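Engineer: 3D model of this:
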Amino acid sequence: MKLNCNIDSQGSLIRGIGGSTLLGLAIVLALVAWCTSWSWLWWLIAVCTMGGVAQLFEAANSWCVIRALGYKTKI
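Structural biologist: As a prediction, the model looks like this:
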């Protein structure tokens with residue numbers, strides 16, 4: 001499936017920063033979960049990881065899933 005470019009370089013940059021931040025947060029939360037007995041934290045780690053990977057995918061392809069669904073975003 002070919003993805004049509006629907007965001008500019010600024011949108012890609014914002015999504016790249018957001019994705020990197022989410023993956024960094026997932027790593028920090030994984031360290032906290034490893035050192036404590038908070039097993040529920042692994043669900044939050046999974047959500048942060050999936051969101052970060054999705055945003056990095058959007059940044060790499062200059063494509064936004066929200067815009068592809070027909071919604072207008074500011075960036």
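
Engineer: How far off centre is the helix or strand bottoming out on mean pLDDT in the chain?
Structural biologist: Ranking every helix and strand in the chain by mean pLDDT, DSSP states H and E puts helix 65-68 at the bottom, with a mean of 89. Between the centre of helix 65-68 and the centre of its host chain there is 14 Å, according to Cα atoms, centre = their mean, to the nearest Å.

Engineer: Check stretch 37-52 too.
Structural biologist: Worked out by Cα atoms, centre = their mean, stretch 37-52 lies 13 Å from the chain centre.

Engineer: can you list the residues that contact it?
Structural biologist: Contact partners of stretch 37-52, identified using Cβ atoms under 8 Å, 6 or more residues apart in numbering, comprise 18, 19, 20, 21, 22, 23, 25, 26, 29, 30, 32, 33. C-betas here are computed from N, CA, C, even on glycine.

Engineer: So which of those residues is the closest to residue 71?
Structural biologist: residue 18 (17.1 Å; Cβ to Cβ).

Engineer: Run through the residues that contact the closest one.
Structural biologist: Contacts of residue 18 by Cβ under 8 Å, 6+ apart are 52, 55.

Engineer: Quickly find the element holding it.
Structural biologist: helix 9-35 (DSSP states H and E).

Engineer: Kindly calculate the angle that the one helix or strand residue 57 maps to makes with helix 9-35.
Structural biologist: Assessed by DSSP H and E, residue 57 sits inside helix 41-61. Going by axes from the mean of the first three to the mean of the last three Cα atoms, to 10 degrees, helix 41-61 is angled at 160 degrees with respect to helix 9-35.
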